[in-house]
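Asks: structure, please.
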Amino acid sequence: MPLGSVARLEIAKGPSQISRENGKRRVVVQANVRGRDIASVVKDAQNAIDAKVTRPPGVWLTWGGQFENLERARLRLAVVVPACFVLIVGVLYSAVGSWRATAVVFTGVPLALIGGVLALWLRGLPFSISAAVGFIALSGVAVLNGLVMVGAIDELSKSQPWESAVCAGALRRLRPVLMTALVTSLGFVPMAPANGAGAEVQRPLATVVIGGLISTTLLTLLVLPALYRRFRTPPGPKSDQQDV
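Replies: Okay, here's the model as predicted:
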């Protein structure tokens, strides 16, 4: 049977390649995002498509690429971040031996997070996976500085009154805390103004770490000794109270 009897043959322009996935045709539409975060762009695009585009039966729409990786990373971070904080609290308790002292030292983490969020807002940067990684690293540095401070105070409280031990311990650990914060923040300074390849990863990470270190250093040097003096029971031999 001649093909012309069952079909009409003509020369016309068509797709150079027909892609299929799971036995169904697939058409890929690609776009690059600049000046905005991917999550908000995809959300706006989804709302516009749902309002203005009517998809015929058998046609579906999925969002992939970096947005798909972002969604997967968010699911992982929803497990990793709480586990990280729980691990930090456990290590702190094993180091100081008191839940009250653990809570006081852990106050460095919220203020560090506030500094990171404020730095992102001031620079107009959206929250991203690299920023979340920066928050995790920032929490570790904040707890380290606080632990160094309270360790010196507890050590001095064994040989002198509690009030004097708090003041002397804070002064003794002033330089180590400042050195830790400066070394870490200065290492991220070149990444903060980056605008070349990989800048979308470097800028949020550096901004979070630098901004958070500024706020947590102020807490460790000024607020933490006052909180520790107020809520921590002196662990020295002169104290006949039991800490909880």
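Asks: what sits against the residue nearest the centre of the chain?
Replies: Nearest residue to the geometric centre of the chain (C-alpha atoms, centre = their mean): residue 132, 1.9 Å. For residue 132, the contacting residues are 73, 77, 81, by C-beta atoms under 8 Å, 6 or more residues apart in numbering. C-betas here are computed from N, CA, C, even on glycine.
Asks: pLDDT value on the last one, please?
Replies: Residue 81 is assigned a predicted lDDT (pLDDT) of 82.
Asks: re the thing from before, and the residue nearest to the centre of the chain, how far is that from residue 70?
Replies: The gap separating residue 132 from residue 70 is 11 Å, by C-beta to C-beta, to the nearest Å.
Asks: and for residue 116, the neighbour number?
Replies: Using other C-beta atoms under 10 Å, residue 116 has 27 other residues around it.
Asks: now do the buried residues in the one helix or strand it maps to.
Replies: Assigned by DSSP states H and E, residue 116 belongs to helix 108-123. Buried residues in helix 108-123, counted by 16 or more other C-beta atoms under 10 Å: 108, 109, 111, 112, 113, 115, 116, 117, 119, 120.
Asks: any idea which element the nearest residue to the first one once chain neighbours are set aside lies in?
Replies: Read that as residue 108. Spatial nearest neighbour of residue 108, excluding adjacent residues (C-beta to C-beta, 6 or more residues apart in numbering): residue 142 at 3.8 Å. For residue 142, the host element (DSSP H and E) is helix 129-156.
Asks: could you give the average pLDDT over that helix?
Replies: Average pLDDT, helix 129-156: 83.
Asks: mind giving me the packing neighbours of the helix or strand following that helix?
Replies: Note on helix 129-156: by DSSP H and E, the next helix or strand toward the C-terminus is helix 162-172. Using 3 or more C-beta pairs under 8 Å, 6 or more residues apart in numbering; DSSP states H and E, the elements in contact with helix 162-172 are helix 129-156, helix 224-231.
Asks: list the buried residues for the first one?
Replies: Yep, that's helix 129-156 we're talking about. For helix 129-156, a neighbour-count test (16+ other C-beta under 10 Å) marks 129-135, 138-139, 141-150, 152-154, 156 as buried.
Asks: now that helix against helix 224-231, angle please.
Replies: Per axes from the mean of the first three to the mean of the last three C-alpha atoms, to 10 degrees, the angle that helix 129-156 makes with helix 224-231 is 60 degrees.
Asks: residues contacting residue 118?
Replies: The contact partners of residue 118, by C-beta under 8 Å, 6+ apart, come to 211, 215.
Asks: circling back to that earlier point, which members of the contacts of residue 132 are positioned in strands?
Replies: Residues of the contacts of residue 132 located in strands (DSSP state E): none.
Asks: pull out the buried residues from those residues.
Replies: The neighbour-count test (16+ other C-beta under 10 Å) marks 73, 77 as buried among the contacts of residue 132.
Asks: now for the helix or strand containing residue 210, which elements pack on it?
Replies: Per DSSP H and E: residue 210 is located in helix 199-218. Where contact means 3+ C-beta pairs under 8 Å, 6+ apart, helix 199-218 is packed against helix 108-123, helix 129-156, helix 174-188.
Asks: residue 39: which of those is closest?
Replies: When those are compared by C-beta to C-beta, helix 129-156 sits nearest residue 39, at 10.5 Å.
Asks: could you check the angle helix 174-188 makes with that closest one?
Replies: Inter-element angle recorded for helix 129-156 and helix 174-188: 170 degrees (by the same axes, to 10 degrees).
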